[in-house]
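Engineer: sequence-free structure coming up:
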Ligand SMILES: O=C(CO)[C@H](O)[C@H](O)COP(=O)(O)O
Ligand SMILES: [Mg+2]
Ligand SMILES: [Mg+2]
């Protein structure tokens with residue numbers, strides 16, 4: 001960054017370092033939105049032990065967020081668009097598909113398709129999910145290097161790993177962990193393919209309260225980042241591009 005340019009906060013600097021080192025961080029979106037904290041880690045760094053950790057200690061859905069350009073390149077559309085098109089096969093889908101006003105916390109979801117890497121067996125064990133996740137990171141790395149790739153030769157759908165497609169304008173368009181995690185990846189200069197998984201409360205089954213998620217971060221020495229801090233850092237990063 002230019003001298004005189006605004007600097008990232010200490011907390012964001014710690015988060016960037018952790019992500020560059022392939023470590024897990026905790027990412028809270030926003031009060032008034034989901035108000036959820038997601039385990040968040042670079043897809044390229046995930047191990048079977050991380051998948052186990054996410055399903056046992058986070059407990060939400062293990063998803064992989066991809067930036068808009070990578071999604072476009074690989075041909076990963078929004079699931080809602082697929083279902084709208086598929087209405088030609090079953091008109092019941094017209095009533096099921098997500099519409100404006102359906103979600104209580106945002107104007108739309110970011111879901112794309114569910115995939116398994118073709119080298120997995122059933123797709124669900126920790127090693128299978130870690131493989132699918134790693135390979136999603138790898139195929140994006142390859143496209144970024146200009147290699148011509150064929151997504152369908154390596155992955156199949158339906159599968160056991162949910163992919164999420166980030167909004168083009170990232171955090172300026174949508175404030176989900178989909179966009180927040182990809183914004184962090186851009187700032188950190190790592191492949192824009194990130195794994196997110198919500199932390200749930202073992203006692204009541206709801207989203208884990210922010211205070212409890214923060215405490216978990218302290219107990220396990222994980223950086224806890226909030227959406228607003230990410231937006232501020234993303235704007236600093238954008239102005240340096
Ligand atoms: O719903 C979700 C998928 O389990 C999670 O909230 C995840 O954080 C991604 O979604 P979003 O970008 O909407 O926050
Ligand atoms: Mg959600
Ligand atoms: Mg979320």
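Structural biologist: That came in fine, so what should we check first? Quick caveat: nothing in here was measured; it's all calculated off a predicted structure. Ligands and ions are numbered 1, 2, ... in the order given.

Engineer: tell me the SS of the residue most central in space within the chain?
Structural biologist: The C-alpha lying nearest the average C-alpha coordinate of the chain belongs to residue 65 (C-alpha atoms, centre = their mean; 3.3 Å). Under DSSP: H, G, I helix; E, B strand; the rest coil, residue 65 falls in the strand class.

Engineer: ok, what's across the strand from it?
Structural biologist: Beta bridges link residue 65 to residue 164, residue 194, judged by DSSP bridges.

Engineer: could you check the pLDDT of it?
Structural biologist: As predicted, residue 65 sits at a pLDDT of 98.

Engineer: can you name the residues that contact it?
Structural biologist: Applying C-beta atoms under 8 Å, 6 or more residues apart in numbering to residue 65 gives the contacts 110, 163-166, 177-179, 181-182, 193-196. Where you see a C-beta, it was placed from the backbone N, CA and C, and this is true even at glycine.

Engineer: distance to residue 11 added to these, as TSV?
Structural biologist: As requested, these are exported to TSV (distance: C-beta to C-beta, whole Å):
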residue	distance to residue 11
110	25
163	28
164	24
165	27
166	22
177	17
178	21
179	19
181	16
182	19
193	23
194	18
195	21
196	18
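
Engineer: where along this structure do the helices fall?
Structural biologist: With DSSP state H applied, the chain shows helices at 10-20, 48-53, 68-74, 79-86, 93-96, 126-144, 151-154, 177-188, 210-220, 227-239, listed in chain order.

Engineer: for stretch 34-54, the distance to its chain's centre please.
Structural biologist: Offset of stretch 34-54 from its chain centre (C-alpha atoms, centre = their mean, to the nearest Å): 9 Å.

Engineer: residues of it that come out buried?
Structural biologist: Going by neighbour count (16 or more other C-beta atoms under 10 Å), the buried part of stretch 34-54 is 34, 36-46, 50-51, 53-54.

Engineer: do the same with stretch 218-231
Structural biologist: Judged by neighbour count (16+ other C-beta under 10 Å), stretch 218-231 contains these buried residues: 222, 223, 224, 225, 226, 227, 229, 230, 231.

Engineer: again with stretch 172-186
Structural biologist: For stretch 172-186, a neighbour-count test (16+ other C-beta under 10 Å) marks 174-186 as buried.

Engineer: cool, and stretch 160-171?
Structural biologist: Buried residues in stretch 160-171 (16+ other C-beta under 10 Å): 160, 161, 162, 163, 164, 165, 166, 167, 170, 171.

Engineer: what does stretch 64-73 give?
Structural biologist: So, applying 16+ other C-beta under 10 Å, buried residues of stretch 64-73: 64, 65, 66, 67, 68, 70, 71, 73.

Engineer: nearest to ligand 1, of these?
Structural biologist: For these, the residue nearest ligand 1 by C-beta to the nearest ligand atom is residue 65; the value is 6.9 Å.
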